[in-house]
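> My questions are about this predicted structure, shown below with the sequence.
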Amino acid sequence: MTTTMSASSSKILQTEFKKLQQQPVEGFTIGLVDDSDIFQWKVGLYGPPDTLYAGGYFRAIMKFSHDYPYSPPTFRFITKMFHSNIYENGEVCISILHSPVNDPQSGELPSERWNPTQSVRTILLSVISLLNEPNTYSPANVDASVMYRRWKESKGRDKEYEEIIRKQVEDSRKDAEKDGVVVPLTVSEYCIKTRLSSKDSNASQDITDIFYDDDDDDDYGLNDEYDYDDEEDDNEDYGDDDSGAHEDA
């Protein structure tokens, strides 16, 4: 990788990072794993009120290649996540994070995959949308996909999926306490009270539409004993334990 390309990627990421701090995406906090390394970001995601994830605080690592934005970053949760589109190692499997190649067997259109016009903001919006509406037809976690569909089809009467998420949300609150984070519990607390451009306001409204137009979900709080066996150090300090690149779902 040429030094020129790496320097260009670094400049682009610094610009995105600064903009996201000034105009954050609702439900997220961002920071750097190491202040000297713009290519690794730590992300905190708050579970939106009135969803299964309400009250949760989910930590993740984003890693960027030195040819960003021509290649997508990886997004890996270091908080235990039981979800149709999240691998056991916490890595998110979503079209926008897949390289822009033509792969008919994947079931994805090239237009759904990563392209250099995408940004961290669009990734964050896609990830939070995925939490509420899993893709159960190309799952990274088959058990989670089966349980979610059973829970959805039973209109919440089958509690197995719900109880697992409850446990994980409760466990995530311990991380919030360690990090000194106050998790928003109401819609008014969750929504950002900041001046946004009209474009960012539309993106902000997209998040609200994702979570607050569904009458099926109640207001859940949650709790967990699960931990990625090889991720304990990450949960302590957003450490840098590489688990490898994910495969296309």
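Nice, thanks for sending it over. Residues are numbered from 1 along each chain as shown.
> make it CA atoms for all contacts and neighbour counts henceforth
Fine.
> Which other helices and strands does the helix or strand containing Leu125 contact?
Using DSSP states H and E, Leu125 falls within helix 120-132. Counting contacts by 3 or more Cα pairs under 8 Å, 6 or more residues apart in numbering; DSSP states H and E, helix 120-132 packs against helix 198-212.
> Let me see the mean pLDDT of the helix it packs on.
In this model, helix 198-212 has a mean pLDDT of 43.
> And stretch 68-82, by the same measure?
So the average pLDDT for stretch 68-82 ends up being 95.
> do the same with stretch 97-113
For stretch 97-113, mean pLDDT rounds to 66.
> What residues sit buried inside whichever helix or strand Ile12 is part of?
Assessed by DSSP H and E, Ile12 sits inside helix 3-22. Within helix 3-22, the residues that count as buried by 16 or more other Cα atoms under 10 Å are 6, 9-10, 13, 17, 20.
> helix or strand right after that helix?
strand 28-34.
> How about residues contacting that following strand?
For strand 28-34, contacts defined as Cα atoms under 8 Å, 6 or more residues apart in numbering pick out 20-21, 38, 40-46, 124, 238-239.
> Which strand residues bridge Val92?
Val92 has these beta-bridge partners by DSSP bridges: Ile86.
> That one contacts Ile78, correct?
No: when contacts are counted by Cα atoms under 8 Å, Val92 is not listed as touching Ile78 (10.9 Å).
> Number of residues surrounding the nearest residue to Ile94 once chain neighbours are set aside?
What sits nearest to Ile94 in space, not counting adjacent residues and going by Cα to Cα, 6 or more residues apart in numbering, is Asn85, at 7.0 Å. By other Cα atoms under 10 Å, 27 other residues sit near Asn85.
> mind listing what Asn85 touches?
92-94, 130, 134-136, 138-141, 249.
> ok, now how distant is the nearest residue to Arg113 once chain neighbours are set aside from Pro72?
Excluding the flanking residues, the one nearest Arg113 by Cα to Cα, 6+ apart is Ile96, at 4.5 Å. Separation of Ile96 from Pro72 (Cα to Cα, to the nearest Å): 8 Å.
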